[in-house]
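J.: With the input below, show me the fold.
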Amino acid sequence: MTLAFQYLRSLIYVIQIYAAMLLLGIVFAPYALLSKNGARQACKTYARWALWSARWMVGIRTEVRGTVPTGEVIVAAKHQSFLDILVIFNALPQAKFIMKRELMWTPIIGVYAKRLGCIPVNRGRRGAAIARMVQDVAKEFTEPGQLVIYPQGTRVAPGAQKSYKVGSGVLYAELQQPCVPVATNVGLLWPRTGILRKPGLGVVEFLDPIPPGQQRDLFMAELERRIESRSDALMSELGFEHDGLRQHG
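T.: The predicted structure follows:
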């Protein structure tokens with residue numbers, strides 16, 4: 001299969017998933033406005049379509065490993081691309097994401113994110129943003145669910161180094177809930193930028209939970225160690241060498 005043909009397939013795939021987002025957003029709108037369950041069903045339908053069509057249009061298969069949490073927990077996930085969002089949301093029964101405040105103003109994503117109880121954060125004001133995030137999380141926890149946070153705060157390319165932010169540790173201390181780390185390799189197949197999608201098996205793995213009660217610095221160190229080491233192992237399954245930032249195959 002030539003690179004040009006795969007690029008064409010990728011372009012068609014990207015166009016159709018955004019068209020599907022618009023179509024499903026409109027079709028489900030009345031149900032979503034009346035019921036949070038309607039909003040969740042709309043987003044689940046979209047995620048399943050995007051994952052199913054990725055398999056036959058661009059050759060990306062996805063797999064969920066580990067024990068998927070169903071109770072009230074913090075899910076701290078490695079974030080490499082939009083694909084890990086789709087897989088995590090599809091796997092969790094009641095996911096609520098901590099997300100950039102700017103996304104809440106987008107026409108489709110913003111409306112549905114608000115209905116799902118997602119928490120907006122302002123990344124430009126660190127101290128104030130964390131305090132506001134904790135307040136907003138407390139308000140949204142009137143309903144059970146899994147709170148998904150990206151400890152590095154943004155998408156990070158495979159092999160790139162980016163520090164873990166303190167927000168995960170603050171929530172862990174405040175909520176006194178188990179934290180489930182999540183590792184992934186999907187950025188090798190679906191990059192954080194660009195059109196090209198590469199065929200292969202993208203994995204999202206739910207790791208053993210970290211019980212509540214650890215000192216914050218120790219928690220942050222353990223969280224980073226678990227996520228990064230397991231993500232490196234998953235990326236090596238696709239022939240990726242972390243130290244040299246090289247991909248084979």
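J.: Now tell me which helix or strand of this structure has the poorest mean pLDDT.
T.: Every helix and strand in the chain was compared by mean pLDDT, DSSP states H and E; the lowest is strand 246-247, with a mean of 42.
J.: Of all residues in the protein, which one is nearest the centre?
T.: Central residue of the chain (Cα atoms, centre = their mean): residue 85, 3.0 Å from the mean position.
J.: thought that one was touching residue 97?
T.: Yes: counting by Cβ atoms under 8 Å, residue 85 touches residue 97, with 7.5 Å between them. In this view, the C-beta of every residue, glycine as well, is placed from N, C-alpha and C.
J.: quick one, helices of this structure?
T.: Under the criterion DSSP state H, the chain contains helices at 3-27, 29-34, 36-57, 82-91, 109-116, 126-140, 167-175, 216-237.
J.: what's next to the last one, contact-wise?
T.: Okay, so that is helix 216-237. With contacts defined as Cβ atoms under 8 Å, 6 or more residues apart in numbering, helix 216-237 is touched by 76-78, 151, 158-159, 164, 166, 168-170, 172-173, 179, 181-185, 188, 201, 203, 205, 207, 210, 214, 242.
J.: ok, of these, which come out buried?
T.: For the contacts of helix 216-237, a burial check counting by 16 or more other Cβ atoms under 10 Å picks out 76-78, 151, 158-159, 164, 168-170, 172, 179, 181-185, 188, 203, 205, 207, 210, 214.
J.: Can you give me every residue that contacts the residue nearest to residue 204 when sequence neighbours are not counted?
T.: Leaving aside its sequence neighbours, residue 204 sits nearest to residue 87 (Cβ to Cβ, 6 or more residues apart in numbering; 4.4 Å). Residue 87 makes contacts with 47, 51, 62, 64, 184, 186, 202, 204, as judged by Cβ under 8 Å, 6+ apart.
J.: mind listing which of those residues are in strands?
T.: The strands in this structure, assigned by DSSP state E, contain 62, 64, 184, 202, 204 from the contacts of residue 87.
J.: Could you measure from the last one over to residue 83?
T.: Distance from residue 204 to residue 83, counting by Cβ to Cβ, to the nearest Å: 9 Å.
J.: So the two - more neighbours on which side?
T.: Higher neighbour count among residue 204 and residue 83: residue 204, with 27 against 23, using other Cβ atoms under 10 Å.
J.: So that one sits against residue 64, correct?
T.: Yes: the pair residue 204 / residue 64 is scored as a contact, 5.5 Å apart, by Cβ under 8 Å.
J.: Stretch 177-196: end-to-end distance?
T.: One end of stretch 177-196 to the other measures 39 Å (Cα to Cα, to the nearest Å).
J.: Low-confidence ranges, this protein, go.
T.: Counting by pLDDT under 70, the ranges of the chain that qualify are 1, 123-142, 241-249.
J.: again, only this time at 80
T.: 1, 101-107, 122-144, 240-249 (pLDDT under 80).
J.: Quick one: residues contacting the nearest residue to residue 206 once chain neighbours are set aside.
T.: Closest residue in space to residue 206, ignoring its immediate chain neighbours: residue 66 at 3.5 Å, by Cβ to Cβ, 6+ apart. Each residue near residue 66 by Cβ under 8 Å, 6+ apart is listed here: 205, 206, 207, 208.
J.: quick one: which of the residues you listed sit in strands?
T.: Under the assignment DSSP E, the contacts of residue 66 contribute 205, 206 to strands.
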